[in-house]
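# sequence unavailable; structure follows:
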């Protein structure tokens, strides 16, 4: 996995939808992915990909790790 993060780790946990859905670290990854696909606002962004590596660029300076 290029990013090296679980679906829960890339979930925007503060979003009202995430709270309404009751998503937690115990929620199966496949269920979290299903909800992210249905509600893209739940996905933390930006995710920057270069070659075989990717980072969650929060803060944006993290993207420099891939190009520096």
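Arrived safely, thanks for sending. Small disclaimer: the values here were computed from a predicted structure and weren't measured. Residues are numbered from 1 along each chain as shown.

# please pull out the lowest mean pLDDT helix or strand from the chain.
One helix or strand of the chain scores below all others by mean pLDDT, DSSP states H and E: helix 64-67, with a mean of 83.

# quick one: that helix to chain centroid distance?
Between the centre of helix 64-67 and the centre of its host chain there is 18 Å, according to Cα atoms, centre = their mean, to the nearest Å.

# also stretch 47-59?
Taking the mean C-alpha point of stretch 47-59 and that of its whole chain, the gap between them comes to 11 Å (Cα atoms, centre = their mean).

# what's the span of it from first residue to last?
Stretch 47-59 has its terminal residues 11 Å apart, counting by Cα to Cα, to the nearest Å.

# ok, and for it, which residues are buried?
47, 48, 54, 55, 56, 57 (16 or more other Cβ atoms under 10 Å). Every C-beta, even on glycine, is put in place using the N, C-alpha and C of the backbone.

# and of these, the nearest to residue 26?
The nearest member of those to residue 26, counting by Cβ to Cβ, is residue 56 at 21.4 Å.

# ok, the closest one touching residue 63?
No - Residue 56 is beyond contact range of residue 63, at 9.5 Å (criterion: Cβ atoms under 8 Å).

# tell me the residues that contact both of the two, please.
residue 46 (Cβ atoms under 8 Å, 6 or more residues apart in numbering).

# returning to what we had before: between the buried residues of stretch 47-59, which sits nearest residue 3?
Top of the list for closeness to residue 3, among the buried residues of stretch 47-59 and by Cβ to Cβ, is residue 54 at 4.4 Å.

# ok, now which ones touch the nearest residue to that closest one once chain neighbours are set aside?
Counting by Cβ to Cβ, 6 or more residues apart in numbering, the nearest residue to residue 54 once its immediate chain neighbours are dropped is residue 2, at 4.0 Å. For residue 2, the set of contacting residues under the criterion of Cβ under 8 Å, 6+ apart consists of 49, 52, 53, 54.

# so what's the second one scoring on pLDDT?
In the prediction, the pLDDT value recorded for residue 52 is 89.

# got phi/psi on it?
When quoted as degrees, to the nearest 10, the phi and psi of residue 52 stand at phi -90, psi 10.

# that concludes my questions; thank you for your assistance.
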